[in-house]
Each structure stands twice: as structure tokens, then as C-alpha cells.
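In: give me coordinates for this.
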Amino acid sequence: MALPDTKRMEEWLHGWDTGMSSKAIFHYMTLGVTGGAVPADPADLGRCLRLLEAFPEWKARMPEMAKCSERWAGLLPHWDGIVASFIEEAGGKIPPLHASWRAPATYELMKSAGV
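Out: As a prediction, this is how the structure comes out:
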């Protein structure tokens, strides 16, 4: 498993656009640490998606997150649909940090997936 450059990892980890679920992805992808939170709402999902934009090499590895917990394993079969709904509700792209938007359909999908 090749790691991204240290500077890029430090910038993300010490930035303002982090949450428990995005840190769970970060820690699994960099250190193989399992456990951690799943995205709890669309804002939290946004932090995860912006992490994956910063580290696009991890997108294809997202199915590995099923190893982290039962909740991740339950969420991942719905991941692509949830992400597609999120992007649609956000106007076709992942909104930046502090953007004002709502994603009620995405939130419903997340809840129905057991998040």
C-alpha cells in the first residue's frame, strides 16, 4: 500500500474539513486502522467526499472500508447511490466546506441504509 506524500496527508489531517467518519477513512487508508464512525448526515458525507477528492487514489479502495465495522459493511452496498444523490442535491458537484445547501433525499437514503 503506497501512501500519499506526507505533506498532503498533514495538510488534510490538520485542516478544518475533517470529521469522525472522514478520519476513519483516512486512518484506515494510511495505517490500516479499523473501526471509526460512518457518515452520520450529508454534511459528514461531504467531508468524506472532499477527503476522497483530495486523495483520489482511495476512491477505488472504498469497498475495503467494510473491514472497519459492521456499520461500514452495511453502508458500502449503498455508497454509490448515496453519493449520486448527494451530488445531485448539491447541484452536480461536491460542495465546498461551509457551503449552504440541503440534501434531504440523501439523508433519507443514509437512514434507510442504517447510518
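
In: find the nearest non-adjacent residue to the residue nearest the centre of the chain, please.
Out: Centroid-nearest residue in the chain, with CA atoms, centre = their mean: Cys48, separated by 2.4 Å. Excluding its sequence neighbours, the residue lying closest to Cys48 (CB to CB, 6 or more residues apart in numbering) is Ser22, at 4.8 Å. Just so you know, the C-beta spots here come from the backbone N, C-alpha and C atoms, and that holds for glycine as well.

In: got the contact list for the helix or strand hosting that neighbour?
Out: Taking DSSP states H and E as the definition, Ser22 sits inside helix 20-31. Contact with helix 20-31 is made by 3-4, 9, 12-13, 18, 33-40, 44-45, 47-48, 50-52, 55, 58, 61-62, 64-65, 67-68, 72, as judged by CB atoms under 8 Å, 6 or more residues apart in numbering.

In: any idea how far Thr6 is from His14?
Out: 12 Å (CB to CB, to the nearest Å).

In: which residues of the protein fall in helices?
Out: Here the chain has its helices, by DSSP state H, at 6-13, 20-31, 42-54, 70-75, 79-89, 104-112.

In: how about those helices, which one is nearest Pro96?
Out: For Pro96, the closest of the helices of the chain is helix 42-54, at 7.7 Å, according to CB to CB.
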